[in-house]
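*Asks:* Could you look at this predicted model? Sequence included:
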Amino acid sequence: MHDPAKSEGVYPFKRTRSERKSFVLWREVIMAYLFPAIMASIGGWITADKGLQIGALTTIGGTSALIAALLGQWLQSHGKHKRWVTRTPHLALVAVMGMTMAVFGLLAAWLTTELLVIVAPGESLAWLSRVWIDFPLSAIIASTLITWRWRNGINHDHQKMNQLRRG
């Protein structure tokens, strides 16, 4: 009934793949802050947990953005030059970075609690117990997001360069 050959002039749509956007660090850091913060806020609102609502915007979103910025900067400046980073299978690299950043999150939680005990020994900070969950979990989320997007970006850039060389 509908012949695609006859309708080409009527519907001038290009049949191309959607263009993937390249990796832009500031945009990725904003997304790394917003996604966990929004999801944790929703969880806090559903459960009426004020601590989670506040933590969503501070320890969860903030840690995620910080890890995303640091890891993204490292990947952009050093990751392209490290063979193990560019040659490791995509999913394995994401897993390795996630576990590594989880360890950094645990280290940051330990340092935060130890330093606050030294700085304010008598203070009982309610959110201090949250950092043991928030920091490593946010680090895993941010590193997974950043590593996945960065690796897609470099694969896309390599494909573009190969096409330019051929044509």
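*Replies:* Cool, got the structure.
*Asks:* which strands and helices sit next to whichever helix or strand residue 75 is part of?
*Replies:* Using DSSP states H and E, residue 75 falls within helix 61-77. Contact partners of helix 61-77 among helices and strands, from 3 or more C-beta pairs under 8 Å, 6 or more residues apart in numbering; DSSP states H and E: helix 25-47, helix 90-119, helix 131-166. Quick note: C-beta positions are derived from backbone N, CA and C, even for glycine.
*Asks:* ok, and which of those helices has the densest surroundings?
*Replies:* With neighbours defined as mean count of other C-beta atoms under 10 Å, the helices and strands packed on helix 61-77 peak in mean count at helix 131-166, which reaches a mean of 18.
*Asks:* on that earlier part again, closest one to residue 63 among the helices and strands packed on helix 61-77?
*Replies:* With C-beta to C-beta, the closest approach to residue 63 among those belongs to helix 131-166: 3.8 Å.
*Asks:* What's the mean pLDDT across the closest one?
*Replies:* The average pLDDT within helix 131-166 is 82.
*Asks:* Kindly report the same for stretch 90-105.
*Replies:* 96.
*Asks:* And the contacts of it?
*Replies:* 63, 67, 71, 85, 88, 135-140, 142-144, 146-148, 151, 155 (C-beta atoms under 8 Å, 6 or more residues apart in numbering).
*Asks:* Residue 37 - nearest residue in space that isn't next to it in sequence?
*Replies:* residue 61 (3.3 Å; C-beta to C-beta, 6 or more residues apart in numbering).
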